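Novice: any chance you could fold what I've pasted below:
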Amino acid sequence: MNAAPVEVVAAVIERRDGSFLLAQRPAGKVYAGYWEFPGGKVDQGEPLPAALARELHEELGIDVDIAYPWIVRTYAYPHATVQLNFFRVRAWHGEPHGREDQQLAWQHVSSLDVAPLLPANAPVLRALELPFEYAITHAGEIGAGEQLRRLDARLAQGLRLIQVREKSLSGSELERFAAVVIEKARRHGARVLINSDIWLALRLDADGVHLAAAQLALLKQRPPVRWCGASCHSAAELERAVQLGVDFAVLGPVQATPSHPGSVPLGWEGFAALARGATLPVFALGGMKPDDLETAWRCGAQGIAMVRGSWSGV
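Specialist: A predicted model of the protein is given here:
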């Protein structure tokens, strides 16, 4: 009988400039010299947030003010299987320093200069490339010209992840519209995913494709794109997204939304029950507004996905 995984908490300690803290395992520990996100084992019966606060105080001499649950990953090392419960630490007291003689390094996901990284932590770097907002176009409702005008404004404000979802546009109209969105986004370093149409995404060299929930059950393997998202509405669909190897999921609807008038909302409690413990980043979708971001974080989300909320006020 296999032993239960060792429960571990791991902290993605983030500064305002987007950098995060890595620690090098000191001599005498398993995998000495490897770099990892700070954290440690959870004591029996200890709540995860309490374990996180204790470990970061013991290892780094800081006191956590704000930490949000994020993703959970299980990894089988030769010596043990660990379940890593990642938190994003957004505020703390004190200056991190190695209280166990470990080296520390602030890093950016686009320019890592420490190695080697513990294998269990490496996939988390991919997730850290995702922003907190996922904007979904609705040119069919407001007009292509107006959508592109608002896109320009939002890109200038820092929008970095966009889904082209236009069910009412014909094939040629959609292709022309998506091509312009991609060209505009590239100027700002933003990524564009095409909803459902894998071949269009490949033909336009989009950054990826966003799969509809129905596609999850039909596809045998992940599409050959750089980034792949998926729409999910249940634990089973989230699990299928993980099996296909998608990079992130959108889960909803959290609240009532005109985009899905017949759907029963999950509510924040229902969303949290599915998102907390997910092994991939999850965006909250359905009736979202920018002010909902912190609520989404508290419920375990990567961020929020919005149709109207991303384009209002510009």
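Novice: next up, phi/psi of the most centrally placed residue in the chain, please.
Specialist: By Cα atoms, centre = their mean, the chain has its centre lying nearest to Pro281, at 3.4 Å. Main-chain dihedrals, Pro281, degrees, to the nearest 10: phi -60, psi 140.
Novice: now it. Nearest residue, chain neighbours left out?
Specialist: Of all residues not flanking Pro281 in the chain, Gln302 sits nearest, at 3.6 Å (Cβ to Cβ, 6 or more residues apart in numbering). Any C-beta I mention is one placed from the backbone N, CA and C, and that applies to glycine too.
Novice: ok, now how distant is the one you found from Phe248?
Specialist: 6 Å (Cβ to Cβ, to the nearest Å).
Novice: who touches both of these two?
Specialist: 127, 130, 281-283 (Cβ atoms under 8 Å, 6 or more residues apart in numbering).
Novice: just these: which are in strands?
Specialist: Judged by DSSP state E, strands contain the following of those: 282-283.
Novice: among the shared contacts of Gln302 and Phe248, who's most crowded?
Specialist: Val282 (28 neighbours; other Cβ atoms under 10 Å).
Novice: go ahead and confirm that residue touches Val246.
Specialist: No: contact criterion Cβ atoms under 8 Å: Val282 and Val246 do not qualify, at 11.0 Å.
Novice: in the chain, which helix or strand is least confident?
Specialist: Lowest on mean pLDDT, DSSP states H and E among the helices and strands of the chain sits helix 122-128, with a mean of 90.
Novice: what lies in contact with that helix?
Specialist: 12, 20, 37, 71, 73, 86, 109, 112, 117, 247-248, 280-281, 302.
Novice: next one: it to chain centre, how far?
Specialist: 9 Å (Cα atoms, centre = their mean, to the nearest Å).
Novice: alpha carbons of it, as PDB, please.
Specialist: Output of helix 122-128 as PDB, limited to C-alpha atoms (Å, rounded to 0.1, in the frame of the first residue of the first chain):
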ATOM      1  CA  ALA A 122       9.300  23.900 -12.300                       C
ATOM      2  CA  PRO A 123       5.700  23.700 -13.800                       C
ATOM      3  CA  VAL A 124       4.600  26.500 -11.500                       C
ATOM      4  CA  LEU A 125       6.800  28.900 -13.500                       C
ATOM      5  CA  ARG A 126       4.600  28.400 -16.500                       C
ATOM      6  CA  ALA A 127       1.500  29.300 -14.400                       C
ATOM      7  CA  LEU A 128       3.300  32.500 -13.200                       C
END
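Novice: what is the mean pLDDT for the next helix or strand after that helix?
Specialist: Next along the chain after helix 122-128, taking DSSP states H and E as the criterion, comes strand 133-136. For strand 133-136, mean pLDDT rounds to 98.
Novice: show me what strand 133-136 is packed up against.
Specialist: strand 161-164, strand 303-306, helix 308-311 (3 or more Cβ pairs under 8 Å, 6 or more residues apart in numbering; DSSP states H and E).
Novice: for Val30, which of the ones you listed is the nearest?
Specialist: Proximity to Val30 (Cβ to Cβ) singles out strand 303-306 among the helices and strands packed on strand 133-136, at 34.1 Å.
Novice: so which bits of the closest one are buried?
Specialist: 303-306 (16 or more other Cβ atoms under 10 Å).
Novice: one more: stretch 150-169?
Specialist: The neighbour-count check on stretch 150-169 (16+ other Cβ under 10 Å) flags 150-151, 154-155, 159-166, 169 as buried.
Novice: quick one: end-to-end distance for stretch 163-172.
Specialist: One end of stretch 163-172 to the other measures 18 Å (Cα to Cα, to the nearest Å).
Novice: what's the first helix or strand after the helix or strand containing Gly140?
Specialist: Remark: Gly140 resides in helix 139-142, with elements defined by DSSP H and E. Reading on from helix 139-142 to the C-terminus, the next helix or strand found by DSSP H and E is helix 144-157.
Novice: report the mean per-residue pLDDT for that following helix.
Specialist: 98.
Novice: over to stretch 273-280?
Specialist: 94.
Novice: returning to what we had before: His138: which of the helices and strands packed on strand 133-136 is closest?
Specialist: His138 lies closest, by Cβ to Cβ, to one member of those: helix 308-311, at 6.9 Å.
Novice: quick check, distance from the closest one to the centre of its chain.
Specialist: Distance, stretch centre to chain centre, for helix 308-311: 19 Å (Cα atoms, centre = their mean).
Novice: who does that helix touch, helix- and strand-wise?
Specialist: strand 133-136, helix 144-157.
Novice: quick one, what contacts Leu202?
Specialist: 224-225.
Novice: now do 7 Å
Specialist: Val225 (Cβ atoms under 7 Å, 6 or more residues apart in numbering).
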